[in-house]
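Visitor: sequence below, structure please.
(2 chains)
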Amino acid sequence: DAGVIQSPRHEVTEMGQEVTLRCKPISGHNSLFWYRQTMMRGLELLIYFNNNVPIDDSGMPEDRFSAKMPNASFSTLKIQPSEPRDSAVYFCASIGTSPSTDTQYFGPGTRLTVL
Amino acid sequence: GQQVMQIPQYQHVQEGEDFTTYCNSSTTLSNIQWYKQRPGGHPVFLIQLVKSGEVKKQKRLTFQFGEEKKNSSLHITATQTTDVGTYFCAGRGSGDKLTFGTGTRLAVRP
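Guide: Purely as a prediction, here's the structure:
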């Protein structure tokens, strides 16, 4: 089992540029979560999907952020335009369907730096 | 909305000393999970507690869920340098959404 896969692992970009982060959840998992982690704000839930449908996007900071899940094996988080305050580690996590498998499995994260 | 606080934010102990982190939720939880994040790593699931008053042990780690299902604790006996990292609790209200606590960063002096 490859676990949750995220790409890129590191991204350095300039303010104003578009950034796209990618996530492949564990096969068979039907819920996917995007988190942002910073020293100041800790681990924040941005959005989560269930069966590819966005369920709760109340954590998305503003309209510059958008997320999609076109199929069960792929999700993207896009920031356009990016700003320095978006610099953070972005994690994707997935969980399975039954209560016994509701552990969240995190990907390795994407470290984003916006200059 | 639901808030989950942890104390302390940071603790520095001598190897061999015990360590405890406390987690408090503003609302009653259906269950609570604990995660460990090593420096530079990602959160890794440790355990889930579901029942009121539940106590679970994993070697030197003891996890407890409060009677009212609003608080929890993690106790490490005789810390080792491998215990270094940030420990997060995460509370589940209803649905799939987990609210992560603020985390407690543990440093261990060898």
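Visitor: residue ranges with poor pLDDT in chain B?
Guide: B:95-96 (pLDDT under 70).
Visitor: around chain A, pick out the residues from it.
Guide: B:1, B:33, B:35, B:41-45, B:48, B:88, B:90, B:92, B:95-100, B:102-103 (Cβ under 8 Å from any Cβ of the partner chain). Bear in mind the C-beta positions are built from the backbone N, C-alpha and C, glycine included.
Visitor: ChimeraX command for the buried members of these?
Guide: To isolate the buried members of those in ChimeraX, using 16 or more other Cβ atoms under 10 Å in any protein chain shown:
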select /B:33,35,42,43,45,48,88,90,92,96,97,98,99,100,102,103
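Visitor: need the strands for chain A, in chain order.
Guide: Along chain A, counting by DSSP state E, strands occupy A:5-7, A:10-13, A:19-24, A:31-38, A:42-50, A:53-56, A:65-71, A:74-79, A:88-95, A:105-106, A:110-114.
Visitor: I'd like these as JSON lines, with distance to chain B and mean neighbour count appended.
Guide: Output for the strands of chain A, formatted as JSON lines (distance: least, Cβ to the nearest Cβ, whole Å; neighbours: other Cβ atoms under 10 Å in any protein chain shown):
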{"stretch": "strand A:5-7", "distance to chain B": "9", "mean neighbour count": "17"}
{"stretch": "strand A:10-13", "distance to chain B": "12", "mean neighbour count": "14"}
{"stretch": "strand A:19-24", "distance to chain B": "12", "mean neighbour count": "20"}
{"stretch": "strand A:31-38", "distance to chain B": "5", "mean neighbour count": "23"}
{"stretch": "strand A:42-50", "distance to chain B": "4", "mean neighbour count": "21"}
{"stretch": "strand A:53-56", "distance to chain B": "6", "mean neighbour count": "13"}
{"stretch": "strand A:65-71", "distance to chain B": "14", "mean neighbour count": "15"}
{"stretch": "strand A:74-79", "distance to chain B": "15", "mean neighbour count": "19"}
{"stretch": "strand A:88-95", "distance to chain B": "6", "mean neighbour count": "23"}
{"stretch": "strand A:105-106", "distance to chain B": "4", "mean neighbour count": "22"}
{"stretch": "strand A:110-114", "distance to chain B": "9", "mean neighbour count": "19"}
